[in-house]
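Student: what follows is a predicted structure for the sequence shown.
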Amino acid sequence: MSRNIKIAPSILAADFAKLGEEVGAISTAGADYIHLDVMDGHFVPNISFGPSVIKSLRPWSDKLFDVHLMIAPVDPFIDAFAEAGADIITFHPEAGPHGHRTAQAIRAAGCKVGVSINPGTPVSVVEPFMGDIDLVLVMTVNPGFGGQRFIEGQLSKIETLRQWIDASGRDIDLEVDGGINFDTAPKAIAAGADVLVAGTATFTGGRSAYADNIARLRSGT
Ligand code: DX5
Ligand code: ZN
C-alpha cells in the first residue's frame, strides 16, 4: 500500500465564473492532475465546456491536464484538445466502435492515452487496450454530473485492473472518478487505484480548504 497516490480535482465543482483562479488555487493546494470533464449533451445528459475553455486555463497551471472526454464522436475533436494543452486524453470505448483508431489518434497528437468505462461496462472491455494506454479510468458513477453517490460494486473492477496493470509491467495510471470523498477514497486506494478524481470533495469549504481537502484525500484518512 506504499503506492504513490495522485489527486486530480475535477473543475466541474469549481466556480465557473472564476475558472482560471480556481485552477491556479488547486495547483498551489497540491493537485497532481487537473481533471477536465468534457460533456456533449449526447454521450452524457449534460454539457460542460470544450477546447477553447481548456486553452484559456492552460496558463493558470503547470500540472498535467487530464482531459476526460464524455463525447461521441471523439476522433474529430482530438487535435483541438491536444492543441488546447491536454496532456492526457481519456475516451470511452462505449462512444464508438473503433477505439484503437481513437487511441492511435490521441497518441499521434502527442498526448497520453486513457480509456474509461461506465459502471455498466464490464472490465473485459479494457483488456484489448492494455498494450496501448497510459491510464485506465473506472467510473464509479454514471458520467454526466458531479456530486453523485459512489457505486461500491465498481471496486472489484479496480482490483482486477490493478492485477492486470501489475502483471503488464507497464506504467499505467489506475484512476477512479465519481463520488470520491473522505469515506470512499480509502476504499478506492485499498482496491488499487492510484489516481483519485474528486470534484465536490476538493472544492467544498472554499479556497482556504483546498489544500487540506487534497491532503486528506491523498492520505486516505
Ligand atoms: C462525472 C465526472 C466526474 C465528476 C466527479 O461525469 O466525470 O469527474 O466531476 O464529481 P464528484 O467528485 O463530485 O463526484
Ligand atoms: Zn471525469
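Tutor: The structure has been received and is ready for your questions. Ligands and ions are numbered 1, 2, ... in the order given.

Student: for the lengthiest helix in the chain, packing partners?
Tutor: Longest helix in the chain by number of residues, with DSSP state H as the criterion: helix 155-168. Packed against helix 155-168 by the contact rule (3 or more Cβ pairs under 8 Å, 6 or more residues apart in numbering; DSSP states H and E) you find strand 135-139, strand 173-177, helix 184-191. Every C-beta, even on glycine, is put in place using the N, C-alpha and C of the backbone.

Student: and ligand 1, which of these is closest to it?
Tutor: strand 173-177 (4.6 Å; Cβ to the nearest ligand atom).

Student: which neighbouring elements make contact with that closest one?
Tutor: Strand 173-177 sits against strand 112-117, strand 135-139, helix 155-168, strand 195-198, with contacts defined as 3+ Cβ pairs under 8 Å, 6+ apart.

Student: now do the SS call for residue 213.
Tutor: Of the three states, residue 213 takes helix under DSSP: H, G, I helix; E, B strand; the rest coil.

Student: how near is it to ligand 1?
Tutor: 11 Å (Cβ to the nearest ligand atom, to the nearest Å).

Student: now for the nearest residue to residue 205 once chain neighbours are set aside, how many residues are close by?
Tutor: Leaving aside its chain neighbours, residue 205 sits nearest to residue 213 (6.7 Å; criterion: Cβ to Cβ, 6 or more residues apart in numbering). Neighbouring residues of residue 213 were enumerated by other Cβ atoms under 10 Å; the total is 23.

Student: who's in contact with the longest helix of the chain?
Tutor: The contact list for helix 155-168 (Cβ atoms under 8 Å, 6 or more residues apart in numbering) reads 117, 123, 126-127, 130-131, 136, 138, 172, 174, 176, 187-188, 191-193.

Student: out of those, which is most surrounded?
Tutor: Neighbour counts for these (other Cβ under 10 Å) peak at residue 176, which has 31 neighbours.

Student: any idea how far residue 198 is from residue 37?
Tutor: Distance of residue 198 to residue 37, computed by Cβ to Cβ, to the nearest Å: 12 Å.

Student: please apply the same query to residue 212.
Tutor: For residue 212 relative to residue 37 (Cβ to Cβ), the value is 23 Å.

Student: what of residue 3?
Tutor: Distance from residue 3 to residue 37, by Cβ to Cβ: 24 Å.

Student: residue 77: what's it in contact with?
Tutor: 50, 51, 69, 71.

Student: and residue 69, its phi and psi?
Tutor: As for residue 69, its main-chain torsions (degrees, to the nearest 10) stand at phi -90, psi 110.

Student: in the sheet, who's paired with it?
Tutor: Beta-bridge pairing for residue 69 (DSSP bridges): residue 38.

Student: pLDDT score for it?
Tutor: pLDDT, residue 69: 99.

Student: my guess is it contacts residue 92, does it?
Tutor: Yes. Counting by Cβ atoms under 8 Å, residue 69 touches residue 92, with 7.3 Å between them.

Student: nearest residue to residue 48 in space, please, no chain neighbours.
Tutor: Residue 48's closest residue in space is residue 39 (Cβ to Cβ, 6+ apart), at 4.2 Å.

Student: which residues does the one you found contact?
Tutor: Shown in contact with residue 39 (Cβ under 8 Å, 6+ apart): 46, 47, 48, 70, 71, 143, 144.

Student: most neighbours out of these, which is it?
Tutor: In terms of neighbours by other Cβ under 10 Å, the contacts of residue 39 top out with residue 70 at 25 neighbours.

Student: no further questions, thank you.
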